[in-house]
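*Asks:* sharing a model prediction with you, sequence too.
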Amino acid sequence: MDYLPLFLDLKGQNVLVVGGHDIALRKVRLLVSAGASVRVVAPDICDDLIDFLRDGSHQLIHRAYTSADMNDVKLVIAATDLADVNGEVSSDAKTRNLFVNVVDGADQGNAIMPAIIDRSPVVVALSSAGKAPVLARLLRTRLEGMVPHGYGRLAELSGKFRDKVKAQFKNINDRRYFWEKVLGGPAAEAALGGNIAKAEQIMADELDNHKEQTLGEVYLVGGGPGDPDLLTFKALRLMQQADVVLYDRLVSPDVIALCRRDADMIYVGKRRNRHALPQDDINQLLAKLAKEGRRVLRLKGGDPFIFGRGGEEIETLTAEQIPFQVVPGITAASGCSSYAGIPLTHRDHAQSVRFVTGHLKDGSIDLHWQDMASGNQTLVFYMGLLGLPVICQRLIDHGRLSNTPVALVQQGTTQNQKVWSGTLETIVDVIKNEEIKPPTLIIVGSVVSLREKLNWFQPQPEPNPEQG
Ligand code: SAH
């Protein structure tokens with residue numbers, strides 16, 4: 001290890017920053033957020049820096065740096081863009097046995113300012129020992145996503161309970177076990193979700209042996225249209241902590257693969273030749289599992305509140321007073337249109353968009369066709385493949401132009417995505433001899449013509465092993 005990572009308490013301590021412009025300002029902001037008293041020295045100090053340090057116990061010294069500026073400081077930052085000034089500051093600091101950070105010159109100094117992820121009081125610091133700062137920053141971006149913003153709240157709350165937990169569990173292993181349980185459970189979830197009062201209550205209950213937490217929780221989570229990269233951070237987090245997962249046909253295998261490995265997986269969806277659970281039984285099963293104290297993930301394709309029956313499933317839970325959370329997902333219309341290069345609205349084409357169910361019932365679809373006939377709107381039909389001929393015909397009958405462009409998107413956002421396009425008049429013929437795999441989405445409107453220019457996604461289908 002070239003450098004020892006260390007967190008410094010700088011509250012009320014003097015820190016010298018040599019330099020008066022952007023780079024100096026960035027460092028000054030950090031130092032001030034850690035409570036330091038900053039002494040800025042530079043012949044020319046920018047207005048933003050002057051403004052920023054206006055209040056508080058800071059010093060702005062408008063002249064060239066001299067080594068006496070280092071009197072009574074704890075730390076030195078050389079933040080000019082002049083190599084010789086930075087070099088002089090650095091060597092003076094070392095002579096005085098002070099730590100010095102040289103911006104953009106790690107090898108000149110002996111302290112590094114890391115890239116940080118700030119969820120105070122939790123702070124993650126990252127460094128590449130000055131060798132690849134951009135790489136450290138890229139890594140930080142990835143970690144940003146993995147550390148939910150509520151982490152700070154959770155840490156604050158844990159801090160509050162620390163002494164009580166210590167008093168109750170004398171043995172360090174028991175303490176650790178308690179924290180692991182609490183920080184991976186409903187209390188943590190409540191804190192991350194912003195409900196501190198509830199989190200505090202659960203933590204207090206967990207501590208109190210007599211009030212054991214017996215009720216589980218249900219997470220109704222949108223798994224998005226297929227590409228696992230389109231999951232939200234929250235979805236992924238809940239997927240990784242669930243005890244049991246109820247999923248259906250629409251959730252892509254790549255998404256299912258991201259659920260916690262030792263969770264029980266229950267298939268409840270409809271698929272040809274496979275028995276599906278009636279909706280009522282799913283609702284009841286969610287409630288039953290949660291009552292057993294389990295963390296139940298109800299994983300749905302797309303967004304649970306868009307043609308997902310998510311509302312029905314949680315109604316049962318409300319009736320039984322079972323706690324739940326709903327996590328939105330990217331709905332098929334959004335995912336498919338992005339990955340097919342078809343903006344759903346566009347100033348020159350469509351001022352509104354409608355999400356419509358195209359589900360056939362007894363050979364017809366009961367919809368307000370007249371409302372959908374005007375040309376300045378995009379229509380997106382879910383569950384519409386079987387009804388496609390009816391949809392096209394009804395729209396034409398009610399006055400939508402027969403040359404209105406139509407796209408059919410198969411397995412959008414996945415590596416099996418395929419898109420066929422035509423018009424209200426031709427699309428049925430276009431797909432007549434195609435082997436189409438569900439799910440498919442139908443997009444109707446002149447925005448479809450933009451795909452010619454905007455198509456960017458090139459799926460790389462895996463070779464089908466059955467075809468040798
Ligand atoms: N809750 C889901 C929709 C469920 S209805 C959502 O928000 O996306 C099921 C219909 O969604 C399918 O019949 C199909 O029309 C559409 N669908 C879902 N995922 C899709 C995908 N990856 N590609 C194309 N259509 C999709």
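*Replies:* Nice, I can see it.

*Asks:* CA atoms of stretch 237-251 as PDB?
*Replies:* Coordinates of each C-alpha in stretch 237-251 appear next as PDB, following Å, rounded to 0.1, in the frame of the first residue of the first chain:
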ATOM      1  CA  ARG A 237     -31.300  -4.000  -3.300                       C
ATOM      2  CA  LEU A 238     -34.600  -5.600  -2.400                       C
ATOM      3  CA  MET A 239     -34.100  -8.400  -4.800                       C
ATOM      4  CA  GLN A 240     -30.900  -9.300  -3.000                       C
ATOM      5  CA  GLN A 241     -32.400  -9.300   0.500                       C
ATOM      6  CA  ALA A 242     -35.700 -11.100  -0.100                       C
ATOM      7  CA  ASP A 243     -36.400 -14.500   1.500                       C
ATOM      8  CA  VAL A 244     -38.900 -15.600  -1.100                       C
ATOM      9  CA  VAL A 245     -39.600 -14.400  -4.600                       C
ATOM     10  CA  LEU A 246     -42.800 -14.700  -6.500                       C
ATOM     11  CA  TYR A 247     -42.200 -14.000 -10.200                       C
ATOM     12  CA  ASP A 248     -44.000 -14.500 -13.400                       C
ATOM     13  CA  ARG A 249     -43.500 -15.100 -17.100                       C
ATOM     14  CA  LEU A 250     -42.800 -11.600 -18.000                       C
ATOM     15  CA  VAL A 251     -39.700 -11.100 -15.800                       C
END
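
*Asks:* just how off-centre is that stretch within its chain?
*Replies:* Remark: stretch 237-251 is offset 17 Å from the chain centroid, using C-alpha atoms, centre = their mean, to the nearest Å.

*Asks:* identify all contacting residues around that stretch.
*Replies:* 148, 184, 189, 192, 216, 219, 221, 223, 231, 256, 258-260, 263-271, 276, 282, 285-286, 289, 294-302, 325, 327, 439 (C-beta atoms under 8 Å, 6 or more residues apart in numbering). In this view, the C-beta of every residue, glycine as well, is placed from N, C-alpha and C.

*Asks:* dump the residue contacts of the residue in the stretch 251-400 of the chain positioned nearest to the ligand.
*Replies:* Closest to the ligand within the stretch 251-400 of the chain is residue 302: 1.9 Å, counting by C-beta to the nearest ligand atom. Shown in contact with residue 302 (C-beta under 8 Å, 6+ apart): 222, 223, 224, 225, 250, 308, 329, 330, 331, 332, 335.

*Asks:* so what pairs up with it in the strands?
*Replies:* Per DSSP bridges, the residues bridged to residue 302 are residue 224.

*Asks:* before we move on, back to that, drop anything exposed from the contacts of stretch 237-251.
*Replies:* 148, 189, 192, 216, 219, 221, 223, 231, 256, 259-260, 263, 266-269, 282, 285-286, 289, 294-302, 325, 327, 439 (16 or more other C-beta atoms under 10 Å).

*Asks:* the residue of the stretch 251-400 of the chain closest to the ligand and residue 37: what is the separation?
*Replies:* Residue 302 is 53 Å from residue 37, where distance means C-beta to C-beta, to the nearest Å.
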